[in-house]
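Novice: Predicted model, plus sequence, below.
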Amino acid sequence: MRPAFLAAVLACFGATLAVAETQRPIIDVHIHYSQDAWSMLPPPEAIKVLRQAGLRKAFVSSSSDDGTQMLFKAAPDLIVPVLRPYRSRGETGTWTKDASIIAHVEGRLKANTYAGIGEFHAYGADADTAVMRRMVQLAKEYRIFLHAHSDADAVERMFKQNPEALVLWAHSGFEQVEKVRAMVTKHKTLWADVAHRTDHAPSGKLDATWKQLFVDFPDRFMVGTDTYTPERWHYVIEHASYSRKWLNELPPDLADNIAFRNAERLAARTLGQ
Ligand SMILES: [Zn+2]
């Protein structure tokens, strides 16, 4: 290699390192890589997006789970696999009453390693169907979390089935901040992501009520993009920048907790790393 070229490469590498050092690492806990994203963004491209966003890790689930497995194979250091119970996109509203889901989930849990089951959708009494009860039981058996897109009522029902369940509450249930506070106060093993909501930081500026909630519960909150359609993948990098912006308003330790440490601890707890 010619010295000038080598110097240029090294300078470039140095610049990349410098950027990586100054950027706050993020663990995005709400990434989906469902079937309709695979051709638009093949695994190497998807991994590139996650790395460009400066993610330390990404919690990934998909309909079907094959998408998650493809990404995990491409970048095991980056991907934290979470098992979505859906075999295809259309099962969101019917799965809690579809007994065939149970064997599917049991088979996947035996074959692969996951940090959690989800993200799934269950509201109110949906959480008490035989299928959902089995999910809560399986999460307990495997000591993994439930990533629940649920209202507070359904989350309560899961904790009634297993008071020690580990629940990652997707979108903080889209509940009002007061309700979120009541829930994290009541349940010690409830974590919440603020994916696909902006009331905690409208236009990138931290809301005072949410800020107080983060200060009072420094170990419970996480960030996520929610790539529920392929197009949302275009937003992953921008979302990481948006998160860094409002996190900067918090004391550094608390910001690090929400940015990556809370997620890292939950992954370590469930994957036993
Ligand atoms: Zn989602």
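Specialist: Yep, that arrived. Numbers count the residues shown, from 1 in each chain.
Novice: I figured residue 190 was touching residue 184, is that so?
Specialist: Yes: using Cβ atoms under 8 Å, residue 190 is in contact with residue 184, at 5.5 Å. Bear in mind the C-beta positions are built from the backbone N, C-alpha and C, glycine included.
Novice: contacting residues for the residue most central in space within the chain?
Specialist: Central residue of the chain (Cα atoms, centre = their mean): residue 29, 1.9 Å from the mean position. Going by Cβ atoms under 8 Å, 6 or more residues apart in numbering, residue 29 touches 58, 59, 147, 168, 193, 195, 222, 223, 224, 263.
Novice: Next, count neighbours for the third one.
Specialist: Okay, so that is residue 147. 28 (other Cβ atoms under 10 Å).
Novice: how much space between the residue lying closest to residue 40 once chain neighbours are set aside and residue 55?
Specialist: Nearest non-adjacent residue to residue 40, counting by Cβ to Cβ, 6 or more residues apart in numbering: residue 230, 4.7 Å away. Distance, residue 230 to residue 55, by Cβ to Cβ, to the nearest Å: 18 Å.
Novice: More neighbours: these two, which one.
Specialist: Neighbour count, other Cβ under 10 Å: between residue 230 and residue 55, residue 55 has more, with 22 against 18.
Novice: before we move on, back to that, shared neighbours of residue 190 and residue 184, which are they?
Specialist: Contacts common to residue 190 and residue 184, judged by Cβ under 8 Å, 6+ apart, are residue 220.
Novice: Surely residue 184 is in contact with residue 192?
Specialist: Yes: shown here, residue 184 and residue 192 form a contact pair, counting by Cβ under 8 Å, at 6.6 Å.
Novice: list residues touching both of those two?
Specialist: residue 220.
Novice: more neighbours, the two?
Specialist: Between residue 184 and residue 192, residue 192 has the larger neighbour count (other Cβ under 10 Å), namely 24 against 20.
Novice: in the helix or strand where that one lies, what's buried?
Specialist: Residue 192 is part of strand 190-193 when elements are defined by DSSP states H and E. For strand 190-193, burial by neighbour count (16 or more other Cβ atoms under 10 Å) applies to 190, 191, 192, 193.
Novice: where does the last one land on pLDDT?
Specialist: I take that to be residue 193. Here the pLDDT value assigned to residue 193 is 98.
Novice: so it bridges to which residues?
Specialist: Applying DSSP bridges to residue 193 gives these bridge partners: residue 222.
Novice: got a list of what it touches?
Specialist: 29, 30, 168, 169, 170, 171, 172, 221, 222, 223, 224.
Novice: do whichever strand or helix holds the third one and the ion meet?
Specialist: Assigned by DSSP H and E, residue 168 falls within strand 167-169. No: with Cβ under 5 Å from the ion as the criterion, the ion is not reached by strand 167-169; the gap is at least 11.2 Å.
Novice: which helices and strands does that strand pack with?
Specialist: strand 145-149, helix 152-161, strand 190-193 (3 or more Cβ pairs under 8 Å, 6 or more residues apart in numbering; DSSP states H and E).
Novice: Are there helices or strands packed against the first one, and which ones?
Specialist: Strand 145-149 is packed against strand 116-121, helix 130-142, helix 152-161, strand 167-169, with contacts defined by 3+ Cβ pairs under 8 Å, 6+ apart.
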